[in-house]
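>>> pasting the structure only:
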């Protein structure tokens with residue numbers, strides 16, 4: 001199983017390399033992959049990532065203060081998100097806190113460099129395969145065996161690399177993020193309302209095709225004037241088609 005490790009910058013690269021070696025020890029059946037050159041300089045990287053993404057099951061983005069706004073990190077994260085389920089794309093916050101991460105990277109599951117958080121990442125990777133590669137008990141023992149090595153090596157990387165300053169967001173960036181979040185929420189709400197509306201109409205149409213109960217007169221009305229005796233299967237199909245087209249138009253973005 002392929003695990004794609006994304007990085008940019010010295011600290012991020014060293015952590016990605018450490019993670020590559022450590023993951024292969026904890027779960028020997030996986031195949032972690034990182035690019036051999038800094039993605040900011042790789043002219044042939046586009047074709048390489050396409051090939052690797054086709055075989056990738058989980059993506060881990062090694063985020064630092066230095067690379068959080070780098071165009072290539074954002075591009076690579078987008079490529080991973082497009083090719084994988086969002087729950088299988090994670091960020092490893094090397095020297096960041098979740099509150100430091102803004103959209104679109106804020107949409108992913110964040111992993112902190114501590115034992116509890118990395119254990120959850122290991123479980124995610126192990127369970128991402130069609131069948132878990134290791135049982136929970138064996139995975140836990142393997143994780144506990146190799147955790148001290150990761151902890152010591154990670155601390156050494158942090159101590160030996162330059163700590164960058166995180167650039168605070170501007171007022172315009174904050175407002176833009178709020179606007180994008182609001183639009184996204186509004187779009188999701190419209191989609192939910194549209195689906196609920198369609199289910200209600202489908203139920204009404206389905207009920208209309210059922211014969212009346214014995215000893216009772218059931219005359220369901222569609223809209224204000226369409227009664228059961230006038231409904232035919234052909235009319236109902238045309239009405240359902242019209243409703244579906246109307247809902248689809250309602251989901252189109254407003255210009």
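That came through, no problem. Model, not experiment: these values are computed from the prediction.
>>> What residue spans form the domains of this protein?
The record's domain parsing of the chain by automatic domain parsing lists 2-160, 171-251.
>>> Which of those domains has the lowest mean pLDDT?
Ranked by mean pLDDT, the domains of the chain bottom out at domain 171-251, with a mean of 61.
>>> can you pull the buried residues of stretch 142-153?
142-143, 146-147, 150, 153 (16 or more other CB atoms under 10 Å). Yep, even glycine has a C-beta here, placed from its N, CA and C like the rest.
>>> no wait, stretch 88-107
Those would be 88-96, 100-101, 105, for stretch 88-107 by 16+ other CB under 10 Å.
>>> tell me how far the ends of that stretch are from each other?
One end of stretch 88-107 sits 12 Å from the other (CA to CA, to the nearest Å).
>>> if we look at it, which residues are touching it?
By CB atoms under 8 Å, 6 or more residues apart in numbering, the residues outside stretch 88-107 that reach it are 11-12, 15, 19, 57-65, 68, 74, 77-78, 80-81, 86, 108-113, 121, 124, 128, 158, 163, 166, 169, 173, 177, 180-181.
>>> Type out the ChimeraX command that picks the buried ones from those residues.
Of those, the buried ones can be selected in ChimeraX as follows, counting by 16+ other CB under 10 Å:
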select :11,12,15,19,57,58,59,60,61,62,63,64,65,68,74,77,80,81,108,110,111,112,113,121,124,128
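>>> So which of the contacts of stretch 88-107 are in strands?
57-63, 109-111 (DSSP state E).
>>> And the furthest pair within those residues?
Using CB to CB, the ones in strands among the contacts of stretch 88-107 span at most 20.2 Å, a distance reached by 57 and 63.
>>> How far does stretch 2-12 stretch from one end to the other?
One end of stretch 2-12 sits 20 Å from the other (CA to CA).
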